[in-house]
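In: Curious how this folds, go ahead:
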Amino acid sequence: MKKISTLAVILFTTLTMYCQTPELMSYQAVVRDADSELLTDQAVGMKISILEDTASGTPVYVETQNPSTNSNGLLSLQVGAGTVVSGDITTIDWANHDYFIKTETDPTGGENYTITGTSQILSVPYALLSKNVINDLVDDADNDPSNEYNTEITLNGSNLSIIDGGGIQTTDLSSLQGQGEPGPQGEPGPQGETGTNGTNGTDGATGATGPAGSDGNDGATGATGPPGATGATGATGPAGSDGNDGATGATGPAGADGNDGATGATGPAGADGTNGTDGATGATGPAGADGNDGATGPAGADGNDGAAGPAGPAGADGNDGATGPAGATGPQGDTGPQGDAGTSYTQPTYLVGTYYAELGGYVIEISANGKHGIVAAMQDQGSSKWYGANDLLSSASNHDAAGAEFKDWRMPTKRELNKMYSFKNAIGGFVNNSYWSSTEYDYDNAWGQDFSGGHQGHNDKIYAINVRAVRAF
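Out: Numbers count the residues shown, from 1 in each chain. Take a look at the predicted model:
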């Protein structure tokens, strides 16, 4: 960055012999860089504006120039000699307004003006104002040129004569003789000390409040906080209208059999069926051995009967006789007592991302109808090798009061473990370390997940790492 130091504000040209005033003003300045070193022998770009009434007033004249600094960093230019951007310097009303000169500088010589300065033109002039009087542009209450000032100026030796409508004014300039021509412009003097800061002006009135900006985008939804403690049970509200009938409950167990009814009278016997054909007669058994002949005499007692021969095979069964007509039905026995009615039951529905004590934990996955899903335990069950993890999960002592009511806790699958990780802040109680899943990677390794960053990887089953149970409902 460059900076510009003002050396001389404005120096105005003198009148010509006949007071023909050029529409020019001299301006000089010193240009320094950001280290306060002089910027020497370099072209710079400048934009000069003359502002009316205030330092931020309307520009009545604007021009651009491209002067060059000399070996001392000094630049000199004539305001009015540049390329006119707007306005006419000859029409400026110097007599009736305050004016300020504003300079904008591009130290690189272009039009990217990065240095700006504004200062008031304090000497109201200038020869330009005098020119207006000479040319009778100022209203002096008459139009008679015979009484106007400075109609002619002549120099005769050391006598300077100014002729006007009222006569000749002569001044002896001999006291000024012997003086040489003005010397060259001296080197810029050192930078004066910075003046003390002026007292701060009174603060301006507070501007009206601007219109409210449009609403910003909604922030990302924060993680679900842990379930709050269950509030006290409110008073029972009035009974609502009857809901739709619940699904029919399962059939209750059958009531005990009623007492048997009295036996009905026996119906009349049916007619006998036709006898079947007799079976063939079995073969006669062999005759027993003859007994010893008794002594001849009176006849002895009869000898014992010989052993009976084996029975012949049974003959084929004869055809069954025709069935007799059925007897009359006896009277109906008494009806047994009605069994107890089963209780009506409607299965509740649940929401994912919610803690339910009746389920033993926090729902991390739910079915489309909200009645079935996966629940994560609310605390770690400890640390174990993969092979012994289920022993920790099944022990009621490793669960909170709600979780201890269930015996079907198990290790989560790899997918379920990742679901659990996505709710880790809401569930709570996790450590920033690895947890086992039930999914095997190969014979010696199983999948786990690092709960400090969510990475899933496989671990040797003999390593002891953390376990957290899930159960299905």
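
In: any weak-confidence spans in the stretch 1-150 of the chain?
Out: Where the stretch 1-150 of the chain drops to pLDDT under 70, the residues are 1-22, 123-150.

In: ranges for the helices of it?
Out: Secondary structure of the stretch 1-150 of the chain (DSSP state H, counting those that start in this stretch): helices located at 127-134.

In: what about the strands in it?
Out: Assigned by DSSP state E, counting those that start in this stretch, the strands in the stretch 1-150 of the chain fall at 2-12, 25-33, 45-52, 58-65, 74-79, 83-87, 99-106, 115-121.

In: Now distance to A220 and mean neighbour count too, for these, in a markdown table please.
Out: Where you see a C-beta, it was placed from the backbone N, CA and C, and this is true even at glycine. Output for the strands of the stretch 1-150 of the chain, formatted as a markdown table (distance: least, CB to CB, whole Å; neighbours: other CB atoms under 10 Å):
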| stretch | distance to A220 | mean neighbour count |
| --- | --- | --- |
| strand 2-12 | 47 | 16 |
| strand 25-33 | 49 | 20 |
| strand 45-52 | 50 | 20 |
| strand 58-65 | 51 | 17 |
| strand 74-79 | 58 | 19 |
| strand 83-87 | 53 | 12 |
| strand 99-106 | 47 | 20 |
| strand 115-121 | 45 | 14 |
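
In: who wins for proximity to Q332 among the ones you listed?
Out: With distances scored as CB to CB, the stretch of the strands of the stretch 1-150 of the chain nearest to Q332 is strand 115-121 (119.5 Å).

In: now the angle between strand 45-52 and the closest one, please.
Out: 40 degrees (axes from the mean of the first three to the mean of the last three CA atoms, to 10 degrees).

In: now the strands of the stretch 1-150 of the chain in TSV, with distance to A404?
Out: Compiled in TSV, the strands of the stretch 1-150 of the chain are given as follows (distance: least, CB to CB, whole Å):
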stretch	distance to A404
strand 2-12	80
strand 25-33	81
strand 45-52	85
strand 58-65	87
strand 74-79	92
strand 83-87	89
strand 99-106	82
strand 115-121	79
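
In: and of these, who's closest to I366?
Out: Of the strands of the stretch 1-150 of the chain, nearest to I366 by CB to CB is strand 115-121, at 67.9 Å.

In: I'd like to know which elements that closest one is packed against.
Out: strand 2-12, strand 99-106 (3 or more CB pairs under 8 Å, 6 or more residues apart in numbering; DSSP states H and E).

In: What's the local residue count around F451?
Out: Close neighbours of F451, defined as other CB atoms under 10 Å, add up to 19.

In: meant to ask about Y387, not that
Out: 10.

In: so it touches K461, yeah?
Out: Yes. Contact criterion CB atoms under 8 Å: Y387 and K461 qualify, at 6.1 Å.

In: I'd like the distance between H399 and V467.
Out: Plainly put, H399 is 12 Å away from V467 if you go by CB to CB, to the nearest Å.

In: Break this protein down into its structural domains.
Out: 2-138, 146-174, 355-472 (automatic domain parsing).

In: Tabulate these (a markdown table), appending distance to P211.
Out: A markdown table is the format used below for those (distance: least, CB to CB, whole Å):
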| stretch | distance to P211 |
| --- | --- |
| domain 2-138 | 26 |
| domain 146-174 | 61 |
| domain 355-472 | 39 |
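
In: got a list of what I427 touches?
Out: P226, G361, Y362, I364, A376, M378, M420 (CB atoms under 8 Å, 6 or more residues apart in numbering).

In: any chance of the residues you listed in TSV, with pLDDT too?
Out: Listed next are these as TSV, based on pLDDT from 0 to 100:
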residue	pLDDT
P226	77
G361	97
Y362	98
I364	97
A376	97
M378	97
M420	97
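
In: These in helices, which ones?
Out: M420 (DSSP state H).

In: Which members of the contacts of I427 occur in strands, if any?
Out: Under the assignment DSSP state E, the contacts of I427 contribute G361, Y362, I364, A376 to strands.

In: ok, the second one - how many residues close by?
Out: Residues within reach of Y362, counting by other CB under 10 Å, total 24.

In: which residues does it contact?
Out: P227, G353, T354, Y355, Y356, V375, A376, M378, F423, A426, I427.

In: Kindly report the same for the first one.
Out: Residues counted as contacts of G361 (CB under 8 Å, 6+ apart) are Y355, V375, A376, A377, M378, A402, G403, I427, V470, R471.

In: Lovely, talk soon.
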